[in-house]
Structures are given as structure tokens and as C-alpha cells.
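Visitor: Everything below, folded, please.
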Amino acid sequence: MARRLRPALRAGLVLAFLYFGLEKLLGLPGAVALYDAFGFGQWPRYVTGTVETLGALGLLTPLAPLAGLALVATMAVGFTAKALLVGPPVWHLAALGVAAALMAFIDWRARR
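Guide: Numbers count the residues shown, from 1 in each chain. Predicted coordinates for the structure are as follows:
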């Protein structure tokens, strides 16, 4: 099952994290408004966008387990910040974090 799940999960994660990362880096209005609501300025948007974009690309390399862990950490911080500072909805952040953790685990197991 993992052999069939890996390519689909990887493709979905790469597309999702590229989309959300580039959305932040390009300064689309929704991303700018969200980071304005956080109240820390726009610099976290650039950091998050960079980690998401590089993490997405990293999922396509042999460093995929490490990239997955970086994405899990990013989603954990994002989930916490959005839940505490802005409010719902946060389900998509939880889903992306769980999917990235699953991908990191599957890649780690495959390399053993």
C-alpha cells in the first residue's frame, strides 16, 4: 500500500506547499492580510513562504524525510499561531502537517 500511497501523497504535498509558499512569497492579498492579523509584521510571511517552497522542492530529493520534518514544524507553528492569534479555520494546517509527517515517516521507513 505504501508504494501506491507515496507518489500520490508526495505529489499532493509538493503542489500544496508550492502553492501556499509561493502565495506568501509573491505577497498575494490573502497572505498579506493573514500576516497583518498576526501582528508581527510581514517578515514571518517570507520565512514561512521560503520554508514551504524549499520544503516542497525538497520532497522531490533524497532529503525528503528532512524536508518533511521541516514542513511539519512549519505547520505546527502556523497552526498554533493561527489558532491563538486569528482563529478558525485551522483544519487545513492540521491536515497538511499530518500529511507531511506521514510522508516523512514513509520516506524514512523506505530508506531503512
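Visitor: quick one: average pLDDT of stretch 62-72?
Guide: Averaging pLDDT along stretch 62-72 yields 91.
Visitor: Next, the buried residues of it.
Guide: For stretch 62-72, burial by neighbour count (16 or more other C-beta atoms under 10 Å) applies to 64-72. C-beta: built from backbone N, CA, C; applies to glycine.
Visitor: Helices along this protein, start to end?
Guide: Counting by DSSP state H, the segments of the chain that form helices are 2-25, 29-38, 43-58, 64-81, 91-111.
Visitor: May I have the shortest one exported as PDB, CA atoms only?
Guide: It refers to helix 29-38. Extracted in PDB, the C-alpha atoms of helix 29-38 (Å, rounded to 0.1, in the frame of the first residue of the first chain):
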ATOM      1  CA  PRO A  29      -3.500  39.800  -0.700                       C
ATOM      2  CA  GLY A  30      -4.800  36.900   1.400                       C
ATOM      3  CA  ALA A  31      -1.400  36.100   2.700                       C
ATOM      4  CA  VAL A  32      -0.500  39.700   3.500                       C
ATOM      5  CA  ALA A  33      -3.800  40.200   5.300                       C
ATOM      6  CA  LEU A  34      -3.300  37.000   7.300                       C
ATOM      7  CA  TYR A  35       0.200  38.100   8.500                       C
ATOM      8  CA  ASP A  36      -1.100  41.500   9.200                       C
ATOM      9  CA  ALA A  37      -3.700  39.800  11.500                       C
ATOM     10  CA  PHE A  38      -0.800  38.000  13.300                       C
END
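Visitor: and the angle from it to helix 43-58?
Guide: When axes from the mean of the first three to the mean of the last three C-alpha atoms, to 10 degrees is applied, the directions of helix 29-38 and helix 43-58 differ by 130 degrees.
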